[in-house]
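Enquirer: Sequence and predicted structure are below.
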Amino acid sequence: MQTAATSAIANAAADLLVQQGDTSGAEAMYARAEAIEREARLTEARLTTNLARMLAGRGVRTSEAVQLAEPAAGSRTDIYTMDALACAYYRAGRVADAEEASQQARRTGTVDRGIPCARGGYR
């Protein structure tokens, strides 16, 4: 696997590579997913929550994930943004803050798989 059209595809491919035991291939795809999101931020002024969720979901660069998610949550409180913030806080060891953000993410009662942390997906 060399390219991916979206960060979601690259991230999913990386997850599959991890399951197959190809850690170097997975790391390359995770890096590609991050690069896609970073490029999108620069060119489209896209929200940073996707990148924050990717980092927090893998438990890497958690302080960066918090730094990306907090400002986004300051201006948007949709369930996806709050889920990204909950994940970032949880991975950074800020459990009380994570629970508060998670409650905000779950406030609508959604069962959307797009908010995995609020459903306990990263615990």
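Expert: Structure received.

Enquirer: Next, the residues that contact the longest helix along the chain from outside, please.
Expert: Criterion DSSP state H: the longest helix present in the chain is helix 23-44. With contacts defined as C-beta atoms under 8 Å, 6 or more residues apart in numbering, helix 23-44 is touched by 1, 3-4, 6-8, 10-11, 13-15, 17-18, 46, 48, 50-51, 54-55, 58. Every residue, glycine included, has its C-beta placed from N, CA and C.

Enquirer: Now which of these would you call buried?
Expert: Among the contacts of helix 23-44, those buried by neighbour count (16 or more other C-beta atoms under 10 Å) are 4, 7, 10-11, 13-14, 17-18, 48, 50-51, 54-55, 58.

Enquirer: how's the protein carved up into domains?
Expert: Under the assignment automatic domain parsing, the domains of the chain span 1-46, 48-123.

Enquirer: Show me the residue at the heart of this structure, geometrically.
Expert: Nearest to the mean C-alpha position of the chain, by C-alpha atoms, centre = their mean, lies residue 53 at 1.0 Å.

Enquirer: Let me know the pLDDT of that residue.
Expert: pLDDT, residue 53: 86.

Enquirer: Excluding chain neighbours, what is closest to it?
Expert: Excluding its sequence neighbours, the residue lying closest to residue 53 (C-beta to C-beta, 6 or more residues apart in numbering) is residue 84, at 4.3 Å.

Enquirer: Next, the contact list for the one you found, please.
Expert: Going by C-beta under 8 Å, 6+ apart, residue 84 touches 49, 50, 52, 53, 56, 65, 69, 72, 73, 117.

Enquirer: Could you check how far the first one is from residue 25?
Expert: Looking back up the chat, that one is residue 49. Counting by C-beta to C-beta, to the nearest Å, the gap from residue 49 to residue 25 is 26 Å.

Enquirer: related to what we said a few turns ago, out of the contacts of helix 23-44, which sit inside helices?
Expert: The helices, defined by DSSP H, take in 7-8, 10-11, 13-15, 17-18, 50-51, 54-55, 58 from those.
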